[in-house]
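Student: this one's sequence-less:
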């Protein structure tokens, strides 16, 4: 659990540091909360799969689906590739 929280904090520190040096990155508290929840839930889902499914093709497929879902949701929130109402600007 500590590793998952550390990785989430490390990833979220990237836009936080970038905001100090450029005006191109404009995140608010909601952005950090949503990104944190998304990363934390992904990390916990991966941990659950790794603990419960020992080896095999099914485990690999499930892990790839989880990562694909993370990337698609992140892209939708960032730029709106699907045009849903909760897409970014």
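Tutor: In hand now; what should we look at? Model, not experiment: these values are computed from the prediction.

Student: quick one: the helices in this protein?
Tutor: 2-21, 29-52, 57-79 (DSSP state H).

Student: how close does residue 43 sit to residue 7?
Tutor: Computed as Cβ to Cβ, to the nearest Å, the residue 43 to residue 7 distance reads 7 Å. (Glycine included, C-beta is placed from N, CA and C.)

Student: And residue 51, by the same measure?
Tutor: 17 Å.

Student: the more surrounded of these two?
Tutor: residue 7 (13 against 8; other Cβ atoms under 10 Å).

Student: pretty sure the more buried one contacts residue 42?
Tutor: No: the pair residue 7 / residue 42 is not scored as a contact, 10.1 Å apart, by Cβ atoms under 8 Å.

Student: Could you list the low-confidence segments of the chain?
Tutor: Filtered on pLDDT under 70, the chain yields the residue ranges 88-89.

Student: how does it look with 90?
Tutor: 1, 25, 54-56, 75-89 (pLDDT under 90).

Student: In it, which residue is most central in space?
Tutor: Most central in the chain under Cα atoms, centre = their mean is residue 39, positioned 3.4 Å from the mean C-alpha point.

Student: Quick check: that residue touching residue 13?
Tutor: No: Residue 39 lies out of contact with residue 13 (Cβ under 8 Å); the separation is 11.8 Å.

Student: Residue 40: what's it in contact with?
Tutor: Residue 40 makes contact with 4-5, 8 under the criterion Cβ atoms under 8 Å, 6 or more residues apart in numbering.

Student: how much space between it and residue 10?
Tutor: Taking Cβ to Cβ, one finds residue 40 at 13 Å from residue 10.

Student: Please apply the same query to residue 66.
Tutor: From residue 66 over to residue 10 (counting by Cβ to Cβ), the distance is 19 Å.

Student: okay, the two: which has more neighbours?
Tutor: For residue 66 and residue 10, the more surrounded residue by other Cβ under 10 Å is residue 66, and the numbers stand at 17 against 10.

Student: Right, I'll leave it there.
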